[in-house]
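Student: Got a sequence here, can you model it:
(chains A, B, C, D, E, F, G, H, I and J)
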10 protein chains.
Amino acid sequence: MSYLTSGYRQSVEKVLNEALFAVEYDEMVIVKDIELYSLCEHHLLPFFGKCHVGYLPRNKVIGLSKIPRIVDIFARRLQVQERLTQQIAETIRDAIKPRGVAVIIEAKHLCMMMRGVQKRNANMVTSAMLGKFRDDQRSRSEFLNLVGSQ
Amino acid sequence: MSYLTSGYRQSVEKVLNEALFAVEYDEMVIVKDIELYSLCEHHLLPFFGKCHVGYLPRNKVIGLSKIPRIVDIFARRLQVQERLTQQIAETIRDAIKPRGVAVIIEAKHLCMMMRGVQKRNANMVTSAMLGKFRDDQRSRSEFLNLVGSQ
Amino acid sequence: MSYLTSGYRQSVEKVLNEALFAVEYDEMVIVKDIELYSLCEHHLLPFFGKCHVGYLPRNKVIGLSKIPRIVDIFARRLQVQERLTQQIAETIRDAIKPRGVAVIIEAKHLCMMMRGVQKRNANMVTSAMLGKFRDDQRSRSEFLNLVGSQ
Amino acid sequence: MSYLTSGYRQSVEKVLNEALFAVEYDEMVIVKDIELYSLCEHHLLPFFGKCHVGYLPRNKVIGLSKIPRIVDIFARRLQVQERLTQQIAETIRDAIKPRGVAVIIEAKHLCMMMRGVQKRNANMVTSAMLGKFRDDQRSRSEFLNLVGSQ
Amino acid sequence: MSYLTSGYRQSVEKVLNEALFAVEYDEMVIVKDIELYSLCEHHLLPFFGKCHVGYLPRNKVIGLSKIPRIVDIFARRLQVQERLTQQIAETIRDAIKPRGVAVIIEAKHLCMMMRGVQKRNANMVTSAMLGKFRDDQRSRSEFLNLVGSQ
Amino acid sequence: MSYLTSGYRQSVEKVLNEALFAVEYDEMVIVKDIELYSLCEHHLLPFFGKCHVGYLPRNKVIGLSKIPRIVDIFARRLQVQERLTQQIAETIRDAIKPRGVAVIIEAKHLCMMMRGVQKRNANMVTSAMLGKFRDDQRSRSEFLNLVGSQ
Amino acid sequence: MSYLTSGYRQSVEKVLNEALFAVEYDEMVIVKDIELYSLCEHHLLPFFGKCHVGYLPRNKVIGLSKIPRIVDIFARRLQVQERLTQQIAETIRDAIKPRGVAVIIEAKHLCMMMRGVQKRNANMVTSAMLGKFRDDQRSRSEFLNLVGSQ
Amino acid sequence: MSYLTSGYRQSVEKVLNEALFAVEYDEMVIVKDIELYSLCEHHLLPFFGKCHVGYLPRNKVIGLSKIPRIVDIFARRLQVQERLTQQIAETIRDAIKPRGVAVIIEAKHLCMMMRGVQKRNANMVTSAMLGKFRDDQRSRSEFLNLVGSQ
Amino acid sequence: MSYLTSGYRQSVEKVLNEALFAVEYDEMVIVKDIELYSLCEHHLLPFFGKCHVGYLPRNKVIGLSKIPRIVDIFARRLQVQERLTQQIAETIRDAIKPRGVAVIIEAKHLCMMMRGVQKRNANMVTSAMLGKFRDDQRSRSEFLNLVGSQ
Amino acid sequence: MSYLTSGYRQSVEKVLNEALFAVEYDEMVIVKDIELYSLCEHHLLPFFGKCHVGYLPRNKVIGLSKIPRIVDIFARRLQVQERLTQQIAETIRDAIKPRGVAVIIEAKHLCMMMRGVQKRNANMVTSAMLGKFRDDQRSRSEFLNLVGSQ
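Tutor: Numbering: from 1, shown residues only, chains lettered A, B, ... in the order given. Reported below is the predicted structural model:
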């Protein structure tokens, strides 16, 4: 249990400060299919699935391996999926001030799989789109397209 | 039989009242691949498949596990697929006044599989799009996109 | 042989008259992946594949199991695929005056598979788009999208 | 070797003249997944893959089985993939004056698979879009959509 | 190790000069699913995946087998994925002055797979879009479409 | 309903008498993946799946298309899966006195899918092995092997 | 939580007594791919997967839908997978005295997926073979064969 | 039609005489997944599928490309699948006197797919095992194993 | 690097001592599809794949989550695959004195993927079979069977 | 061409001498799914596929990456598949005197794919089994089993 909620004791700032770089690259950067395990704060039952993160850099990029770290820091807490999605997006926005951030989470919830309704395959999908991903349909659909390609 | 039509004896209000929350989250919420079993009112033969539900919240969200419950309440009745799709969408619209609701049902009908025409793989697809999903092509196609991704 | 051309002796009117209903539902209705077997009128060799039918109702809907019946009535004749596609679409248009009808047929032709050219996997795709599906790009691409999703 | 270059000795005119018909059908006609084998004129090594052909008829259609024949006549020569794609499209355009012709070829080249670079799975994709497929984004993307659906 | 960084000792000019041809073909040319192995300059651990390259020719084309060669020359160095993507695109742009160049790389990084975060399936996706692929949404999405089709 | 139980009104003798032939062939004959729809006599709910039939001929064979007919005659009755399996095997044994008959049925039961236990993917497998398939392990496992191969 | 351990309050005897029938059928009966959710008694974290049950009847059979019920009664308790497998097998043996019972469980454990070792895809497989399945290699391997076939 | 029965006019002897070689190799040789198209002599409707051929050489082998030729010569006639299987095996046995010959044919019959019974996916499997494949269980099951592996 | 060789600093005894239990269960226990990352001691390049572990308990079992831990302790060292396989098997044998232990490792080696030979898909398979798995063909093939089933 | 036949100029001895090690490991070692490209000596057309190699060591093992090297040395010559299979097996036998060597090659031949018979998917399978793999059914089938597992 203390493991499952270890996110509370980790510092995003510490993780990120070591890994921000100035760059000339301004195309979309995506890290997709990040495995995600979290704990639903209503039923204390796990939910798990995958998370896709994209951003449009402005001057600074994040070291690649830090993005799954950020996902983990917020997932290792008592969560609801909507809030978790939002927190990941906002953390990246605050850290590197990109032109836009997009996060999609698709997860199965054991509370839905194991209890009353017994719907094994149902998936919950949530997204958070900030900056250019919110305003510009083309960035938004290009992100969906690249994330969906196999 | 009494099990298959148990939906008549369940109250949507009771299910929902316990699980509406005020939130700040306004991106699309989707619960997809909900298994669905119902009974065709013409032939009293089952139809089954999956249901995808999405909505664009305005102030209030529904507890995640309630959405499959609503689907079940209306499916456990004598139905036609077009009406079932519409009822699920309208119930969610009335309960949380979202900016939009989208429901897609894709189902195989045993009346089509087992009787005269003997077409095993045919699927019927119906949809109900309310509010922003009806008027705004972008919300509509983003929903289709997220539901179709694997 | 008399079985394979039994479509000539069946009446569309008789099939449809029993199964038209007035409804309030106006979203797209799709029956997809209908198996189809027909006979090419040039070589008297079979072609087979699947047919997708969609329509946008206006007041009236067709009973679900009638759509594969209509497909069969026209397929059980000597045909060319282009004409078959058109006939199915026009029959539905005439019967329920919908806002639009869309039919896609994707088939393998034994004349192409077995004879000279010996191209086993080639598929012929034809479509017929009437009414709103002809004029309105959005209805057309939503139909393609829902038919292609798995 | 004489077999592999037999295309030089075949006449497109002879193949086509027997199989052009006047029709009333004006929707897109597609023959997809035609197997293709050809010989790269630089290395004399084979390349093979599949070819998709579509056209928008104007008065005349081509008999279905002639399209793989045309593909074969041009493939059974020393070729480069770009030129092969163009030749197939232009031959169909000249024969039936359609409103548009689209050809896509996707092929693996043994010169790329077997020699220095040793990249087994790399595919070369080329296309030729004439008439309405060149000018009209909607025809173009509908063709891509129908060809890509399974 | 000297093998893994052999790219430093290879000359792009030498590779390309032998294989530029004047042509009349102006449709998009794509070489997709090129296998790629490189070495991350931060951790000296490999990353590997696939690279898709497309360009819109203007007068000149590159011999097909040279494109995987260019990918290899830049991959066989100490790299970061964003820079690698950019270098491939700029090299092709400078060599044949096409109307546009598009490069997408999708790769798994062993630093992410094997170390702390232990996320096996996460993929990093980067792209570089120059010329017409940067400015024109239709070229961009047609490239994504053709690369994603199977 | 009268359709679903039409098997009671069909005569196996009549179906088979027209289609028994004397032959010199003595290797195993298999018809696999026959679609099967039946009605569970306890709950009056459908079960459906596939049936594999094999036999080792002795002098006589059955016309190929008669085997699915026999399966249908017994399936279109109120049944339990164990008995259905046995009846198909015994009918073939009595009709052609083969050296052995093997029948496997693998089916999903809507009573199990839709009611209390709600186990969607559970399959019931039953088999009936007569004559040489009962006594001889090699015939038995060769049948399983050929039926399972794709 | 009371839902997840509801198995303690259910009576196997009551479930089974209503559904034992005398029969003449003596071939192997299998119910495979039964979904299973349970709770690991060490970490109070869920494990889930599928269960395959087979038996060789002697006089008595169990009503088909009771087998998933028995699986559920023992799974809805605090368990270890080895014991759960054994309990299901012994309950069926005691209830119908068959010639043999075989149970295989294949499950993912969230304690293994979410904690220290973080091995997402690892599966634990356990089996319990009683009576003829324990002594007779042929029954044992026929069961494995039928359970593994798709 | 004359194409479909062209097998009558081809000479096996002529095909084989050019391509028998003396060798020192005595392990099993297999050519698998040979496409096969034939015509059912009862209904004059096509059947098609794949054929696997194996033999255990004794002194002589057949040129690789001759085996599909032999399959074609016998398939391009009016056939029943049992006889076709036997003829291919006996022709190879007579030509090279191997220690054993094995032939498996798995085919879909349009008479079964298109007519009364309408069972689309049913496949007929026949085999002919001569010499060592008939007597020796190990050769037989090694052949099945290698043919079934992907 | 210190992370990749962290196995040297971990104690198997410490991991195992906390998690050995006396039990009455004597059927095969399998943990399959354990992800594995290691470092080849010849080239200092990673190899990765999956590991399957099975044992036949005698009195004692190992806590489920310890088996992937043991795999990790030996993988996080400079290794050759043959020795790694052997070490895992021997550690389990020494810890719980089971009637038998079986370990299979299937891995891709970056030294083979990235260097001279450039064979991307080649996999190395090694196994270690101790006790009953070494002597008894039936235990051995049952283990292979259960590990290979999906 | 000189590239395709470069095998003639490479020395097996030189490759192997650097990479033979004395070991204590005596279980089967397999390298599977090695890509293979060769040139048919009759038609000078390529054939390509995959090769699986296994051996039972006695004192000495071969460095892992040498096995694909040996395959390449013999494949980069004018070959027939039967001889190629035999040469690889004999080379390994002579080099390390193992208790047994097994080689399976499964390949598509462009002479069969592109010429007269036009059978695209046909595969030729050959094997060479030396020492214990020839005499001992269990080693032989364990090899087939491990090679076929995914």
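
Student: Can I get the helix or strand hosting A:Y55 in PDB, CA atoms only?
Tutor: A:Y55 belongs to strand A:46-56 when assigned by DSSP states H and E. C-alpha atoms of strand A:46-56 as PDB (Å, rounded to 0.1, in the frame of the first residue of the first chain):
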ATOM      1  CA  PRO A  46      -6.700  -0.400  -9.100                       C
ATOM      2  CA  PHE A  47      -7.200   0.900 -12.600                       C
ATOM      3  CA  PHE A  48      -4.600   0.400 -15.300                       C
ATOM      4  CA  GLY A  49      -4.100   1.100 -18.900                       C
ATOM      5  CA  LYS A  50      -1.900   3.300 -21.100                       C
ATOM      6  CA  CYS A  51      -1.100   7.000 -21.400                       C
ATOM      7  CA  HIS A  52      -0.100   9.000 -24.500                       C
ATOM      8  CA  VAL A  53       1.600  12.300 -24.000                       C
ATOM      9  CA  GLY A  54       2.400  14.800 -26.700                       C
ATOM     10  CA  TYR A  55       3.800  18.400 -26.700                       C
ATOM     11  CA  LEU A  56       4.800  21.100 -29.200                       C
END
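
Student: Buried ones in the helix or strand that it is followed by, by neighbour count?
Tutor: Going down the chain from strand A:46-56, the next helix or strand is strand A:60-62, by DSSP H and E. By neighbour count with 16 or more other Cβ atoms under 10 Å in any protein chain shown, strand A:60-62 contains the buried residues A:V61, A:I62. Placement of C-beta: from N, CA and C, glycine included.

Student: who touches strand A:60-62?
Tutor: With Cβ atoms under 8 Å, 6 or more residues apart in numbering or on different chains as the contact definition, strand A:60-62 has outside contacts at A:16, A:19-23, A:25, A:29, A:55, A:92, A:95-98, E:82.

Student: Check those for burial and list the buried ones.
Tutor: Counted by 16+ other Cβ under 10 Å, the contacts of strand A:60-62 give A:L16, A:A19, A:V23, A:Y25, A:V29, A:Y55, A:I92, A:A95, A:I96, A:P98, E:E82 as buried.

Student: Can you tell me the SS state at the first one?
Tutor: A:L16 falls in the helix class when you classify it by DSSP: H, G, I helix; E, B strand; the rest coil.

Student: Now name the helix or strand holding the residue lying closest to it once chain neighbours are set aside.
Tutor: Spatially, and ignoring its direct neighbours in sequence, A:L16 is nearest to A:A95 (5.0 Å; Cβ to Cβ, 6 or more residues apart in numbering or on different chains). Secondary structure assignment for A:A95, by DSSP H and E: helix A:81-96.

Student: who touches that helix?
Tutor: Contacts of helix A:81-96 (Cβ under 8 Å, 6+ apart): A:12, A:16, A:20, A:38, A:47, A:51, A:53, A:55, A:57-62, A:67, A:70-71, A:74-75, A:98, A:101-105, A:107, A:109, A:124, A:126-131, B:23, B:25, B:27, B:29, B:61, B:64.

Student: Among those, name the ones in helices.
Tutor: Judged by DSSP state H, helices contain the following of the contacts of helix A:81-96: A:V12, A:L16, A:I67, A:I70, A:V71, A:F74, A:A75.

Student: By neighbour count, which of those wins?
Tutor: Comparing the ones in helices among the contacts of helix A:81-96 by number of neighbours (other Cβ atoms under 10 Å in any protein chain shown), A:V71 comes first, having 29 neighbours.

Student: Tell me how far that one lies from A:S38.
Tutor: 9 Å (Cβ to Cβ, to the nearest Å).

Student: same thing with A:I73?
Tutor: Applying Cβ to Cβ to A:I73 and A:S38 gives a distance of 11 Å.

Student: how many neighbours does A:N17 have?
Tutor: If you count neighbours by other Cβ under 10 Å, A:N17 ends up with 11.

Student: A:L36 now?
Tutor: With neighbours defined by other Cβ under 10 Å, the count for A:L36 comes to 22.

Student: secondary structure element for it?
Tutor: strand A:29-40.

Student: Excluding chain neighbours, what is closest to A:Q137?
Tutor: Counting by Cβ to Cβ, 6+ apart, the residue nearest A:Q137 is B:R138, at 5.8 Å.

Student: Confirm the one you found sits in a helix?
Tutor: Yes: counting by three-state DSSP, B:R138 falls inside a helix.

Student: how much space between it and A:M129?
Tutor: Separation of B:R138 from A:M129 (Cβ to Cβ): 12 Å.

Student: quick revisit: ok, the ones in helices among the contacts of helix A:81-96 vs chain J, which is closest?
Tutor: Chain J has its nearest neighbour among these in A:V71, at 30.0 Å by Cβ to the nearest Cβ.

Student: quick one: pLDDT of A:G54?
Tutor: What the model reports as pLDDT for A:G54 is 96.

Student: In contact with it, which residues?
Tutor: A:M28, A:V29, A:I30, A:V31, A:V101, A:A102, A:V103, A:F133, A:F143, A:L146, A:V147.

Student: let's go with 10 Å and repeat that
Tutor: A:28-32, A:67, A:89, A:92, A:98, A:100-104, A:129, A:133, A:139-140, A:142-144, A:146-147, E:125 (Cβ atoms under 10 Å, 6 or more residues apart in numbering or on different chains).

Student: Name the residue of chain A with the shortest distance to chain I.
Tutor: Counting by Cβ to the nearest Cβ, chain A gets nearest to chain I through A:E35 (11.3 Å).

Student: okay but that residue is in contact with E:N123, surely?
Tutor: No: under the criterion of Cβ atoms under 10 Å, A:E35 makes no contact with E:N123, lying 11.8 Å away.

Student: tally of neighbours for the residue in chain A that chain C sits nearest to?
Tutor: Proximity to chain C, evaluated over chain A using Cβ to the nearest Cβ, is greatest for A:G148 at 11.8 Å. For A:G148, the count of nearby residues is 16 (other Cβ under 10 Å).

Student: Report the separation between it and D:R140.
Tutor: To D:R140, A:G148 is 21 Å away according to Cβ to Cβ.

Student: Put the alpha carbons of stretch A:140-150 into CSV.
Tutor: The C-alpha trace of stretch A:140-150 is given here as CSV (Å, rounded to 0.1, in the frame of the first residue of the first chain):
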residue,chain,number,x,y,z
ARG,A,140,-5.3,17.8,-32.3
SER,A,141,-6.1,15.4,-35.1
GLU,A,142,-2.5,14.9,-36.0
PHE,A,143,-1.8,13.9,-32.4
LEU,A,144,-4.7,11.4,-32.5
ASN,A,145,-3.5,10.1,-35.8
LEU,A,146,0.1,9.5,-34.7
VAL,A,147,-1.0,7.9,-31.4
GLY,A,148,-3.4,5.6,-33.1
SER,A,149,-1.0,4.4,-35.8
GLN,A,150,0.6,1.0,-35.1
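
Student: if we can go back for a sec, neighbour count: A:I73 and A:S38, which is higher?
Tutor: A:S38 (28 against 21).

Student: leaving aside the residues next to it on the chain, what's closest to the more buried one?
Tutor: A:A75 (4.1 Å).

Student: For A:F21, give the beta-bridge partners.
Tutor: A:V61 (DSSP bridges).
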